[in-house]
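Novice: Sequence first, predicted coordinates after that:
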Amino acid sequence: MADNKLYTSQLGAGLGLVNETKTLFELYSPGVSANQLHQVALESGRFPTVTARRLRNIVVECFAPRYLVAGGAPAARLKQLAATISTADLTQLMLVFTSRANPILGDFIRQVYWGRYTGGYTQITNEDARTFVGRAIDDGLTTKRWSESMVRNVSGYLTGCCADYGMLERGRRTSRRILPFRISPVVAAYLAYELHFAGVGNNALLTHEDWQLFGLAHEDVLEEIKRLSLKGLLIVQAAGEVIRISWKQHDMEALCDALTQS
């Protein structure tokens with residue numbers, strides 16, 4: 001899964017891009033490259049208000065690093081799910097893949113957003129994001145020191161992206177209200193199975209950093225897994241520290257089939 005990569009300003013190419021991403025899933029065919037998808041998108045007429053150059057940015061700089069990794073597996077799976085699951089569920093999955101492609105976003109959510117959320121705060125400001133970015137630069141998490149204007153821009157990208165994904169209030173503002181945010185069963189099932197098929201063991205699976213994007217610690221994840229068990233998606237046995245999970249689906253495609261039918 002996500003390596004500890006250095007922070008970049010790549011979010012500036014496009015924040016959540018929820019509607020654009022949904023359209024690109026529709027246009028995507030397994031095996032196409034980013035350049036081919038850009039061409040298909042250009043010829044589709046589905047982006048009438050977007051310039052050719054901006055569309056290229058969206059496909060190559062945003063969509064590809066998020067969904068065309070691992071041979072395009074995320075794009076193929078989310079295309080399948082997008083036809084039937086709710087936009088809210090799909091948006092949460094987009095959050096996971098965007099955070100993996102942009103570690104600065106994932107860490108901001110895990111450290112700042114959930115720190116404020118659980119601390120009883122009602123707002124997150126761009127100044128909170130600026131403090132986070134400044135500390136990251138001091139800790140050597142960027143290849144070089146960013147200019148003041150870059151720090152300001154990236155701070156806005158972080159809060160704007162959280163707003164696109166339903167975690168903060170939308171609109172152009174420097175202080176945003178924190179919105180209630182809870183992982184959906186579809187996303188919990190997808191994440192659990194994806195980590196399992198990536199070779200993550202049952203106990204390690206419960207503490208994986210992707211769950212922390214939803215504010216979930218070990219015990220919370222176990223509760224989500226138990227709920228999936230009640231839905232018949234897997235079988236879980238927990239005795240003390242030992243967790244045993246029996247996985248009912250044999251691959252991600254089978255899981256996506258099951259999720260589209262449930």
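Specialist: On my side now, so go ahead. Numbers count the residues shown, from 1 in each chain.
Novice: can you give me the mean pLDDT across stretch 143-160?
Specialist: For stretch 143-160, mean pLDDT rounds to 96.
Novice: Please compute how far it lies from its chain's middle.
Specialist: 20 Å (C-alpha atoms, centre = their mean, to the nearest Å).
Novice: send the alpha carbons of it over as CSV?
Specialist: Extracted C-alpha coordinates of stretch 143-160, given in CSV (Å, rounded to 0.1, in the frame of the first residue of the first chain):
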residue,chain,number,x,y,z
THR,A,143,12.3,17.6,-1.3
LYS,A,144,13.1,21.3,-0.7
ARG,A,145,11.7,24.2,1.3
TRP,A,146,8.5,25.6,-0.2
SER,A,147,7.9,29.3,-0.7
GLU,A,148,5.4,31.2,1.4
SER,A,149,2.9,31.3,-1.4
MET,A,150,3.3,27.5,-2.1
VAL,A,151,2.7,26.8,1.6
ARG,A,152,-0.5,29.0,1.5
ASN,A,153,-1.7,27.3,-1.7
VAL,A,154,-1.1,23.8,-0.4
SER,A,155,-2.9,24.6,2.9
GLY,A,156,-5.9,25.6,0.8
TYR,A,157,-5.7,22.4,-1.3
LEU,A,158,-5.8,20.3,1.9
THR,A,159,-8.9,21.9,3.4
GLY,A,160,-10.6,22.1,-0.1
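Novice: what's in contact with that stretch?
Specialist: 6, 9, 11-12, 15-16, 104-105, 108, 124-127, 129-130, 132-134, 137, 168, 176 (C-beta atoms under 8 Å, 6 or more residues apart in numbering). The C-beta positions use only the backbone N, C-alpha and C, and glycine is treated the same way.
Novice: List the buried residues for that stretch?
Specialist: Trp146, Val151, Asn153, Val154, Ser155, Gly156, Tyr157, Leu158, Thr159, Gly160 (16 or more other C-beta atoms under 10 Å).
Novice: Pick the one among those residues closest to Pro48.
Specialist: Distances from the buried residues of stretch 143-160 to Pro48 were compared by C-beta to C-beta; the smallest belongs to Gly160, at 23.6 Å.
Novice: Number of residues surrounding Ala239?
Specialist: For Ala239, the neighbour count with other C-beta atoms under 10 Å is 7.
Novice: So which of the contacts of stretch 143-160 sit within helices?
Specialist: Mapping the contacts of stretch 143-160 onto helices (DSSP state H) picks out Ile104, Leu105, Phe108, Asn126, Glu127, Ala129, Arg130, Phe132, Val133, Gly134, Ile137.
Novice: Does Ile183 touch Glu224 like I think?
Specialist: Yes - taking contacts as C-beta atoms under 8 Å, Ile183 lies within contact range of Glu224: 6.6 Å.
Novice: who touches both of the two?
Specialist: Here Ile183 and Glu224 have Leu216 as joint contacts, going by C-beta under 8 Å, 6+ apart.
Novice: Spell out the residue ranges of the strands in the stretch 151-262 of the chain.
Specialist: Along the stretch 151-262 of the chain, counting by DSSP state E, counting those that start in this stretch, strands occupy 175-177, 234-239, 242-247.
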